[in-house]
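Student: my questions concern the predicted model and sequence given below.
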Amino acid sequence: MRPTSSKALMAVPQAVKDKYYGCGTPLPDGIQGLDLLDLGSGSGRDCYVAAALVGTDGSVTGVDMTEEQLDVAMKHVPEYMEKLGYKETNLRFKKGHIEYLKDAGSRGI
């Protein structure tokens, strides 16, 4: 993991990291200002890291079908935004199936 990603990961709330079942953080360099979509976001660990990397001009949306995972992901967003020093959140989570993104409220995908 790159130094910037590592620093962002250190700030992710422990409860989010504890529920992480992924296989890495596949985030490239140079994503500042972009809008990212994480399909099957789970507890949101990668979304949290991405929120730091895209900065205040970008946004991150995680979509997952598991209520328990989404509860963990959403619960800690305000705390993380405060750690990053962001006045407004750039991170949100939606319940849905990745096969039916329109049902999750996603447009233009």
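Tutor: Structure's in. What do you need?

Student: contacts only, for the residue nearest in space to the middle of the chain.
Tutor: Centroid check for the chain by Cα atoms, centre = their mean gives residue 47 as the closest residue, at 1.6 Å. Contacts for residue 47 (Cβ atoms under 8 Å, 6 or more residues apart in numbering) come out as 36, 38, 41, 60-62, 73, 91, 93. C-beta coordinates here come from the backbone N, C-alpha and C atoms, glycine included.

Student: got a markdown table for those, with distance to residue 23 and pLDDT too?
Tutor: Formatted as a markdown table, the contacts of residue 47 follow (distance: Cβ to Cβ, whole Å; pLDDT from 0 to 100):
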| residue | distance to residue 23 | pLDDT |
| --- | --- | --- |
| 36 | 18 | 92 |
| 38 | 14 | 92 |
| 41 | 14 | 93 |
| 60 | 19 | 94 |
| 61 | 21 | 94 |
| 62 | 16 | 94 |
| 73 | 18 | 96 |
| 91 | 21 | 96 |
| 93 | 20 | 95 |
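
Student: picking up where we left off before, from residue 84, how far out is the residue nearest to the centre of the chain?
Tutor: Per Cβ to Cβ, to the nearest Å, residue 47 is found 13 Å from residue 84.

Student: which SS class is the nearest residue to residue 66 once chain neighbours are set aside?
Tutor: When the adjacent residues along the chain are set aside, residue 66 lies closest to residue 42, with 7.1 Å between them (Cβ to Cβ, 6 or more residues apart in numbering). In three-state terms, and counting by DSSP: H, G, I helix; E, B strand; the rest coil, residue 42 is coil.
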